[in-house]
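Chemist: build me a model:
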Amino acid sequence: MIRRSLFSLCSFLAISSSLAAEKKNVLLICVDDLRPELNCYGVDYIQSPHIDALAARGRTFTRHYVQAPTCGASRFTLLTGKYGGSNNDALFHRAKDIAGKAKPVDPSMPAWFKQHGYTTVSVGKVSHHPGGRGGPDWNDPAIPEMPNSWDRHLLPAGLWQHPRGWMHGLANGQIRTKNAKEMDVFQALKGDDDIYPDGPAVDLTLEQLEKLGKASAEKSFFLATGILRPHLPFGAPAKYLEPYRDATLPATPHPNKPDGKTTWHGSGEFMKYNRWKKDPNKDADFALEVRRHYAACVTYADAQVGRIIAKLDELGLRESTVIVLWGDHGWHLGEHGIWGKHALFEESLRSPLIISYPEINEPGAQAEGIVETLDLFPTLTDLTGIETPGFVDGNSLRPILDDPEAPGHDAFAYRKGMRTIRTDSYRLIEHSNEYSELYDHRKPDAETRNLAAVLPEVVAELRRKIAKQLPSSPK
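Modeler: The predicted model follows:
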């Protein structure tokens, strides 16, 4: 009897160990300022072969929307599964709440995976500050951006001195000073991938992937890596600009500043760099050059994705890993007369999302249902078989991963003093003074004609939805 009990116990432990070893790893690739400017999203002049190959083995979400058109607030939602503040310090505010212990704070997504037996590692820009620390140069270990979340939170600043320098760096260690006008808005110098900040960061990602891979038989991993480009300034090795030097780019749709009160802004982040006294809204040749350099940065970022996936394959980890490629928000390339993010128009809020894993149904099929960044936390717990926490605000995308024609759901987003809802047919933008922008996406003029005054019943219905989902305006 004792022998049988011991056998049963040993069998249970063996099965439990086997199940633990079979848990899926997670590879999360975050790309900064990447709008759906990819070949797999139908932009045929863009060279993005590695991301396209990932899309061919996974699910491309053609209508994925972020919660906020700025890095920090968007990444807050990615990493917590919750709505949050609208500014770049959202995760630091959460860290202060944790330190203050005045109220309980739900664990972050990496913390949740860590609690469920995963090794969690972050490299590059995953939270808002590359390397995840505060202080004047973003390298103070006493000011973590995400307490209790990562086993290792890494950023190889290299020639760029510190994470702040890396974040706004150009070739060979050039960093942005307080006077941003001393740094060119775009650049393409000859050299290998390591002359720009993403090169060394991806080198470290590959080292971490190899280390995690060796230990994955005993412990699954959650590896998040953040690719900086195409974030401003648009700098990439010259070889990535070559395909675009003589390329014909399509005309920019609705390039003019909209009339009346809208979510438009003056592109301050872009305009503060050295532009050689040129304005892309007035100089078509300069606008084309900006777009070409953005494209070069996309292809440079794509090459880094290729390096990471190649290492995953080399280590034999593809079959045991869920891969997510996520853009932290969109970016205007002249639409509505905007060069940047920070608006609540479609171009600021729509970004790429691709999920790939071996068992996915209909690999390569695109999903047109509306989804949100908010949905990634419960999706990853669902796909890896760990418990989904009750505090997350999103929904698992498993139904759409199983069937690309499954429906999505409304998407909500915000910036200070404004909230928006995107449905299959409409976008409503609500300003804090109850002024509304309503756009009909079934019409060719889409977000260029405000219909709020002529469709008050639609405005009222969508206002109710916003109030239910986002009861107060974000700060």
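Chemist: tell me how far Asn179 lies from Glu457.
Modeler: 51 Å (Cβ to Cβ, to the nearest Å). In short, each C-beta sits where N, CA and C put it, glycine included.
Chemist: mind checking the SS state of Cys297?
Modeler: helix (DSSP: H, G, I helix; E, B strand; the rest coil).
Chemist: burial of the closest residue to it other than its chain neighbours, as a residue count?
Modeler: Leaving aside its chain neighbours, Cys297 sits nearest to Pro230 (3.4 Å; criterion: Cβ to Cβ, 6 or more residues apart in numbering). When neighbours are counted by other Cβ atoms under 10 Å, Pro230 registers 26.
Chemist: Pro230 touches Val298, doesn't it?
Modeler: Yes: counting by Cβ atoms under 8 Å, Val298 is a contact partner of Pro230 at 5.5 Å.
Chemist: overlap in contacts of these two?
Modeler: Leu34 (Cβ atoms under 8 Å, 6 or more residues apart in numbering).
Chemist: just read off the phi/psi values of Leu223.
Modeler: Dihedral pair for Leu223: phi -110, psi 120, per degrees, to the nearest 10.
Chemist: wait, Ser472
Modeler: Taking degrees, to the nearest 10 as the convention, Ser472 sits at phi -130, psi 150.
Chemist: Arg35 and Lys24, how far apart?
Modeler: Using Cβ to Cβ, we find Arg35 at a distance of 29 Å from Lys24.
Chemist: look at those two and report which has more neighbours.
Modeler: More crowded of Arg35 and Lys24, by other Cβ under 10 Å: Arg35, with 25 against 19.
Chemist: and that one, what does it touch?
Modeler: By Cβ under 8 Å, 6+ apart, the contact set of Arg35 is Gly327, Gly330, Trp331, Leu333, Glu347, Arg350, Ser351, Pro352.
Chemist: let me have those in a markdown table, adding pLDDT, secondary structure and distance to Gly124 as columns.
Modeler: Converted to a markdown table, the contacts of Arg35 look like this (pLDDT from 0 to 100; DSSP: H, G, I helix; E, B strand; the rest coil; distance: Cβ to Cβ, whole Å):
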| residue | pLDDT | secondary structure | distance to Gly124 |
| --- | --- | --- | --- |
| Gly327 | 98 | strand | 15 |
| Gly330 | 98 | coil | 20 |
| Trp331 | 98 | coil | 19 |
| Leu333 | 98 | strand | 24 |
| Glu347 | 98 | helix | 25 |
| Arg350 | 98 | strand | 23 |
| Ser351 | 98 | coil | 17 |
| Pro352 | 98 | coil | 17 |
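Chemist: can you count the residues close to Arg152?
Modeler: Arg152, neighbours per other Cβ under 10 Å, totals 13.
Chemist: one more: Met146?
Modeler: Neighbours of Met146 (other Cβ under 10 Å): 28.
Chemist: for Gly213, see how far away Leu312 is.
Modeler: Counting by Cβ to Cβ - Leu312 and Gly213 are separated by 8 Å.
Chemist: overlap of the contact sets of the two?
Modeler: Joint contacts of Leu312 and Gly213 (Cβ under 8 Å, 6+ apart) do not exist.
Chemist: distance from the chain centre to stretch 381-397, please.
Modeler: 19 Å (Cα atoms, centre = their mean, to the nearest Å).
Chemist: what does it contact?
Modeler: With Cβ under 8 Å, 6+ apart, stretch 381-397 has contacts from 23-24, 26, 61, 81-83, 106-107, 112-113, 116, 220, 322, 355, 357, 371-379, 398, 401, 409.
Chemist: from Leu397, how far off is Pro378?
Modeler: Counting by Cβ to Cβ - Pro378 and Leu397 are separated by 8 Å.
Chemist: run a quick neighbour tally on Pro358.
Modeler: Pro358, neighbours per other Cβ under 10 Å, totals 13.
Chemist: meant to ask about Val305
Modeler: With other Cβ under 10 Å as criterion, Val305 counts 23.
Chemist: secondary structure element for it?
Modeler: Assigned by DSSP states H and E, Val305 falls within helix 284-314.
Chemist: quick one: distance of that helix to the chain centre.
Modeler: 15 Å.
Chemist: next one: stretch 402-419
Modeler: With Cα atoms, centre = their mean, you get 15 Å for stretch 402-419.
Chemist: tell me which residues in that stretch are buried?
Modeler: Within stretch 402-419, the residues scored as buried using 16 or more other Cβ atoms under 10 Å are Pro404, Gly408, Asp410, Ala411, Phe412, Ala413, Tyr414, Arg415, Met418, Arg419.
Chemist: now intersect those residues with the strands, please.
Modeler: Secondary structure from DSSP state E places Ala411, Phe412, Ala413, Tyr414, Arg415, Met418, Arg419 of these in strands.
Chemist: before we move on, back to that, list just the nearest of the buried residues of stretch 402-419 to Gly169.
Modeler: Arg415 (26.6 Å; Cβ to Cβ).
Chemist: show me the contacts for that closest one.
Modeler: Contact analysis of Arg415 by Cβ under 8 Å, 6+ apart lists Ala68, Pro69, Thr70, Ala73, Ser86, Thr263, His342, Ala343, Leu344, Pro474.
Chemist: returning to that earlier point: got CSV for the buried residues of stretch 402-419, with pLDDT and distance to Asn433 too?
Modeler: Below are the buried residues of stretch 402-419 laid out as CSV (pLDDT from 0 to 100; distance: Cβ to Cβ, whole Å):
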residue, pLDDT, distance to Asn433
Pro404, 98, 41
Gly408, 98, 31
Asp410, 98, 23
Ala411, 98, 23
Phe412, 98, 19
Ala413, 98, 19
Tyr414, 98, 15
Arg415, 96, 15
Met418, 96, 10
Arg419, 97, 12
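Chemist: list just the nearest of those to Ala287.
Modeler: So of the buried residues of stretch 402-419, ranked by how close each gets to Ala287 (Cβ to Cβ), first place is Arg415, at 24.8 Å.
Chemist: how near is that closest one to Gln67?
Modeler: For Arg415, the distance to Gln67 - Cβ to Cβ - is 10 Å.
Chemist: what's the overlap in contacts for those two?
Modeler: Counting by Cβ under 8 Å, 6+ apart, the residues touching both Arg415 and Gln67 are Ala73.
Chemist: wait, Ile360 touches Leu401, no?
Modeler: Yes: between Ile360 and Leu401 there is a contact under Cβ under 8 Å: 5.8 Å.
Chemist: mind checking which of these two has more residues around it?
Modeler: Using other Cβ under 10 Å as the criterion, Ile360 and Leu401 rank with Leu401 on top: 24 against 18.
Chemist: and the more buried one, which of the three is it?
Modeler: Classified using three-state DSSP, Leu401 is helix.
Chemist: now for it: which residues touch it?
Modeler: With Cβ under 8 Å, 6+ apart, Leu401 has these contacts: Arg59, Ile355, Ile360, Asn361, Thr379, Leu383.
Chemist: part of a helix, is Phe209?
Modeler: Just to correct that, residue 209 is Leu rather than Phe. Yes: counting by three-state DSSP, Leu209 is found in a helix.
Chemist: give me every residue that touches the nearest residue to it once chain neighbours are set aside.
Modeler: Nearest in space to Leu209, with sequence neighbours left out and distances taken as Cβ to Cβ, 6+ apart, is Lys311 at 5.2 Å. Contact analysis of Lys311 by Cβ under 8 Å, 6+ apart lists Leu206, Leu209, Glu210.
Chemist: with that, I have no additional questions.
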